[in-house]
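**Student:** Give the three-dimensional model of this entry:
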Amino acid sequence: VSVSHDIATIQESDAVIAATNHPDALIKDAYLQPGMIVVDDAQPSDVEDVSLMRNDILVLEGGVVHTDTIRIPFDFGLQNRGDIFSCLAEAIILAGNPDISIDTVGKMECVDFDALNEFDAEGERIGLTRGVFQNAKRVYSDEDIAHVRTIASDL
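**Tutor:** Predicted coordinates for the structure are as follows:
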């Protein structure tokens with residue numbers, strides 16, 4: 001695993017997690033090699049639109065949660081009506097249950113898995129589930145994922 005601020009290093013990667021607050025798409029299609037996985041955890045997107053429909057890479061929206069039980073009167077641009085971003089799901093869980101707290105401010109030296117499991121159980125209790133793998137243009141099927149996995153293993 002490496003961390004870089006040099007955008008050109010993307011071309012040498014198998015997987016990329018992008019999380020900036022830059023207003024423009026920094027990750028150009030030419031940087032993305034067949035078999036790559038990009039988790040785009042930025043709003044607005046860090047990935048050029050043309051890359052979102054390629055069938056030889058996966059460009060995944062970071063942190064999508066699904067709910068059929070909570071009505072959100074806002075279109076986040078996700079593929080399914082009940083899909084929300086995980087940051088909103090976190091806020092809903094914390095607002096709905098004051099007994100749960102997650103401390104993520106500052107340097108994290110260890111993960112409290114008991115607290116995470118409690119947090120996860122509360123999300124399940126109120127009807128939150130993992131959203132499908134998607135980006136702004138498409139939902140990935142199991143076949144799409146298997147296809148990109150095959151490309152990556154052949155390289």
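
**Student:** Please count neighbours and contacts with C-alpha atoms only from this point.
**Tutor:** Noted.

**Student:** What separation is there between the most centrally placed residue in the chain and C110?
**Tutor:** Residue closest to the average C-alpha location in the chain (C-alpha atoms, centre = their mean): G62, at 1.2 Å. Distance of G62 to C110, computed by C-alpha to C-alpha, to the nearest Å: 22 Å.

**Student:** Now do the residue lying farthest from the centre of the chain, the pLDDT please.
**Tutor:** Here the chain reaches farthest from its C-alpha mean at D99, the gap being 26.9 Å by C-alpha atoms, centre = their mean. At D99, the model reports a pLDDT of 84.

**Student:** For the chain, which residues score under the pLDDT cut-off?
**Tutor:** By pLDDT under 70, the low-scoring segments of the chain are 102-109.

**Student:** all strands for it, in order.
**Tutor:** For the chain, the strands defined by DSSP state E occupy 15-18, 37-40, 58-61, 64-67, 83-85, 128-130.

**Student:** Quick one, which of the ones you listed gets closest to R138.
**Tutor:** strand 58-61 (9.5 Å; C-alpha to C-alpha).

**Student:** Which strands and helices lie in contact with that closest one?
**Tutor:** Strand 58-61 sits against strand 37-40, with contacts defined as 3 or more C-alpha pairs under 8 Å, 6 or more residues apart in numbering; DSSP states H and E.

**Student:** what about the strand it packs on, distance to the chain center?
**Tutor:** Centroid separation between strand 37-40 and its chain, computed with C-alpha atoms, centre = their mean, to the nearest Å, is 7 Å.

**Student:** again, but for stretch 49-67
**Tutor:** Its chain's C-alpha centre and that of stretch 49-67 lie 8 Å apart, by C-alpha atoms, centre = their mean.

**Student:** end to end, how far does it reach?
**Tutor:** Taking C-alpha to C-alpha as the criterion, the two ends of stretch 49-67 lie 27 Å apart.

**Student:** contact partners of that stretch?
**Tutor:** Residues from elsewhere that reach stretch 49-67 (C-alpha atoms under 8 Å, 6 or more residues apart in numbering): 28-29, 32-42, 82-87, 89, 127-138, 144-145, 147-148, 151.

**Student:** Buried members of those residues into PyMOL, please.
**Tutor:** Entered in PyMOL, the line below selects the buried ones among the contacts of stretch 49-67, by 16 or more other C-alpha atoms under 10 Å:
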select buried, resi 28+32+33+34+35+36+37+38+39+40+41+42+82+83+84+85+86+89+128+129+131+132+133+134+135+136+145+147+148
